[in-house]
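Chemist: Starting from these lines, generate the structure:
(one chain, ligands or ions: 1)
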Amino acid sequence: MKIIETVGEVQADARERTSRSVLVPTMGALHRGHLELVRVAREHAGKDGEVAVSIFVNPLQFEPGSDFEKYPRPESVDENVCRDAGVNLLFRPNDMYFDDRSVYVEETALSAGLCGAARPGHFRGVCTVVAKLFNLLAPDAAVFGEKDHQQLAIIRRMVRDLNFPIEIIGVPTVREADGLALSSRNQYLNADERAQATVLYRAMTRVKELADGGQKSVGELIDVAKGVIASAKSARVDYISIVDADNLQPLGVLQPNAVIALAVFVGKTRLIDNLRLW
Ligand code: AMP
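Modeler: As a prediction, this is how the structure comes out:
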């Protein structure tokens, strides 16, 4: 496995590459969810192709006062995980931004609601770093998790609107046995909070049951979800929305392409999840 830590070297490497390349962008603290993305990347790259993983805790996507400093950075563990998973190139840059940077990539429609409303500037940071990674590594395809549904929709829009010649591949959310979506932030939870964190999945699956049973009122479905979340004493809703999966517009009545998306604080840890309803 090749390890590259500077922008200049990864650009030179990409220029010389002749094989197909599939990129998996991450912030590290790798778990089974990330490994599923790597597995899918290998399927798309082929055995002679290149699977590239980037690990970069992107300061631009953390709003002031959030967990940028304490975000886990288990560098050597991540390196071994990548090697064991058959990754060909690990890019962990230490020179991504100029101090006087002044150009950003901003998506202006899909970023307005959900996590974009709760975390101002977050998706500008995400789009900027992903656009930079696309320019630097020039992959043929890139793999993202549906766990971050809004992020995936925004990246698809960025690629469409800015004509990146890169295929975007979405991967279904990998969950623990009790339904909790795997996340690097789950390690912030203490044992009691971890037990309560299943409330996100329980709320979404309860809503899905009612939707499957014919309940069409989004207001009532969201009230049910709020009720389930309220049953966990350390949980506090940040947002719960039912939106169109592609344009992320809130729905009043359930219709095809509906997805429920939510962000919930469990203790001090903010967890997000989503589930397709129709
Ligand atoms: P992160 O390191 O949290 O920025 O995530 C890197 C990529 O892994 C993103 O595309 C995420 O959507 C994806 N990802 C994170 N957790 C999961 C999961 N539980 N299942 C599937 N993909 C995931």
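Chemist: So what sits opposite Thr26 in the bridge?
Modeler: Ile55 (DSSP bridges).
Chemist: contacting residues around it?
Modeler: His34, Leu37, Val53, Ser54, Ile55 (CB atoms under 8 Å, 6 or more residues apart in numbering). For the C-beta atoms, the positions are set from N, CA and C on the backbone; glycine is no exception.
Chemist: now swap in Ser66 and tell me
Modeler: Per CB under 8 Å, 6+ apart, neighbours of Ser66: Arg119.
Chemist: now do Glu146
Modeler: Leu152, Gly170, Val171, Pro172, Thr173, Asn274.
Chemist: of these, list those near the ligand.
Modeler: Among the contacts of Glu146, the ones lying near the ligand by CB under 6 Å from any ligand atom are Val171, Thr173.
Chemist: Closest one to Asp246 out of the contacts of Glu146, please.
Modeler: Distance to Asp246 across those (CB to CB) is lowest for Leu152, with 10.4 Å.
Chemist: Does the closest one touch Gly170 like I think?
Modeler: Yes - assessed by CB atoms under 8 Å, Leu152 is found in contact with Gly170 at 5.3 Å.
Chemist: which residues are common contacts for those two?
Modeler: By CB under 8 Å, 6+ apart, the residues touching both Leu152 and Gly170 are Phe144, Gly145, Glu146.
Chemist: Now do Arg157 against Val129, distance only.
Modeler: 16 Å (CB to CB, to the nearest Å).
Chemist: of these two, who's got more company?
Modeler: For Arg157 versus Val129, neighbours defined as other CB atoms under 10 Å are more numerous around Val129 (23 against 20).
Chemist: how about that one, what does it touch?
Modeler: Contact analysis of Val129 by CB under 8 Å, 6+ apart lists Pro25, Phe56, Asn58, Leu60, Gln61, Met96.
Chemist: Make TSV out of the contacts of Glu146 and add neighbour count, pLDDT and secondary structure.
Modeler: Formatted as TSV, the contacts of Glu146 follow (neighbours: other CB atoms under 10 Å; pLDDT from 0 to 100; DSSP: H, G, I helix; E, B strand; the rest coil):
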residue	neighbour count	pLDDT	secondary structure
Leu152	19	98	helix
Gly170	17	98	strand
Val171	20	98	strand
Pro172	12	98	coil
Thr173	18	98	coil
Asn274	25	98	strand
